[in-house]
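Q: here is my input, please return the structure:
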Amino acid sequence: MKEALDCMQFLLDSACMGQVTIRKVEKSWVAKAKAEARMQGVSMNTVLRESLRRGLGVDGETPLNGLEKYAGDSDFGPEWDDFLEELNQVDPEDWK
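A: I've put the predicted structure just below:
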């Protein structure tokens, strides 16, 4: 019975999925996806689907842009605060 339910679920999932063709993909991207698939021991299709899912922020994940390491509060010390204060000063001579 469980096998029949698993089979039915597979058919339902398959019916709800679309198929796309992506043209003009750079050869280096294909090579990277193939290498990643070999490293993970999965199909290239699995690697590409996971990459799309992450990149599009599906499942509530926020796509990464490489700037995450700079996010959050940083304390650069009092010299930085002094520099910012000086930077925000307006020179009245510039407005004459």
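Q: ok, now which ones touch S51?
A: If you count contacts by C-beta atoms under 8 Å, 6 or more residues apart in numbering, S51 has them with A33. C-betas here are computed from N, CA, C, even on glycine.
Q: just the element for it, please.
A: S51 belongs to helix 44-56 when elements are defined using DSSP states H and E.
Q: any low-confidence regions in the chain?
A: For the chain, the stretches flagged by pLDDT under 70 are 1, 5-16, 61, 63-64, 68-74.
Q: assign K24 to helix, strand or coil.
A: At K24 the chain is in coil, as set by DSSP: H, G, I helix; E, B strand; the rest coil.
Q: neighbours of it, how many?
A: Neighbours of K24 under the rule other C-beta atoms under 10 Å: 4.
Q: thinking again about what came up before, gap between the next helix or strand along the chain from the helix holding S51 and the chain center?
A: For helix 44-56, the following helix or strand on the C-terminal side (DSSP H and E) is helix 78-87. Relative to the centre of its chain, helix 78-87 is centred 34 Å away, using C-alpha atoms, centre = their mean, to the nearest Å.
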